[in-house]
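> Predicted model and sequence below, questions to follow.
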Amino acid sequence: MRVALIILLALSGCARAPVTGRRTLTLVPASQMNQLGAEAYQEALSQTPRSDRSDWNEMVRRVGSRIAAVSGAEFDWEFNVLDAPDQVNAFALPGGKVAIYTGILPVLQNEAALAAVIGHEVAHVTAQHSAERISQTMLVQLGLAAADLSLKDGKQRGMLMGLLGLGAQVGVLLPFSRLEESEADEIGLHYMAEAGYDPREASELWKRMGAAGGAAPPELLSTHPASETRVLDLASQVSDVSTLYEQSDKQESRPIAH
């Protein structure tokens, strides 16, 4: 078991996230992740109908194409609007598959905010966050399996394993998820600025998202940073991308029609 862990750790850190340069943990081949992403995307499309609003579809694909182009990543990018008014959300899957739920459009209000959301989702793809999340879970499960073997004769084994599992969740997996979300915000901010969308709109969006959302768990127990944290972080990063925005082919931030 110890040898297997050493091998896995030796394989980690062989890639870096764009913009931030952070070493990423990727134990699953990109080809396998892309195939899984394509399959999951088709399943999502089969479960939720695509919007029949041609203006929304055109807008999302236009903004998405600009963001994907500046990312420099060569995936089979696909951007769709899914008709789910109760879903104030969006998602991305490996291989460049992105979906925007119609429920988020009223909160976005304008195309620059849409670029912030798409930039964030594209960043998840380019930084290989899905592969990294799976890899992190694999390592945690390997560690728990090793602990399980070492505790197999202990009278309090069940309680100790439960505590270890909780510690792994709160102390490793949840902080790691929040790190990825914050990283996607930062990378996405670069993408939207370079694509010509005002980066100041990203923090304004999260003010609106915070107001639109209901009760949230404490940040320590959440997969995402708190809206207040994201507002402050994004506002502080605007100066880092101001040159990119000023040198870009600036895009008009048109309001989103309802």
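Cool, the structure landed. Numbering: from 1, shown residues only.
> Tell me where the stretch 101-250 of the chain has helices.
105-108, 111-126, 129-150, 157-168, 174-194, 200-212, 227-246 (DSSP state H, counting those that start in this stretch).
> Residues contacting the first one, please?
In this case it means helix 105-108. 56, 88, 113-114, 117, 205, 208-209, 212, 256, 258 (Cβ atoms under 8 Å, 6 or more residues apart in numbering). C-beta: built from backbone N, CA, C; applies to glycine.
> So which of the residues you listed is surrounded by the most neighbours?
Greatest neighbour count in the contacts of helix 105-108, by other Cβ atoms under 10 Å, goes to residue 114: 29 neighbours.
> one step back: redo the contacts of helix 105-108 as JSON lines? Include pLDDT and distance to residue 225.
Below are those laid out as JSON lines (pLDDT from 0 to 100; distance: Cβ to Cβ, whole Å):
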{"residue": "56", "pLDDT": "98", "distance to residue 225": "28"}
{"residue": "88", "pLDDT": "92", "distance to residue 225": "17"}
{"residue": "113", "pLDDT": "97", "distance to residue 225": "18"}
{"residue": "114", "pLDDT": "98", "distance to residue 225": "21"}
{"residue": "117", "pLDDT": "96", "distance to residue 225": "15"}
{"residue": "205", "pLDDT": "96", "distance to residue 225": "14"}
{"residue": "208", "pLDDT": "94", "distance to residue 225": "16"}
{"residue": "209", "pLDDT": "90", "distance to residue 225": "12"}
{"residue": "212", "pLDDT": "79", "distance to residue 225": "16"}
{"residue": "256", "pLDDT": "97", "distance to residue 225": "25"}
{"residue": "258", "pLDDT": "86", "distance to residue 225": "29"}
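> right, and out of these, which lies closest to residue 66?
Closest to residue 66 out of the contacts of helix 105-108 is residue 114 (10.7 Å), distances taken as Cβ to Cβ.
> Surely the closest one touches residue 62?
No: look at residue 114 against residue 62 with Cβ atoms under 8 Å: they stay out of range, at 9.8 Å.
> Distance check, residue 112 against residue 178.
According to Cβ to Cβ, to the nearest Å, residue 112 stands 25 Å off from residue 178.
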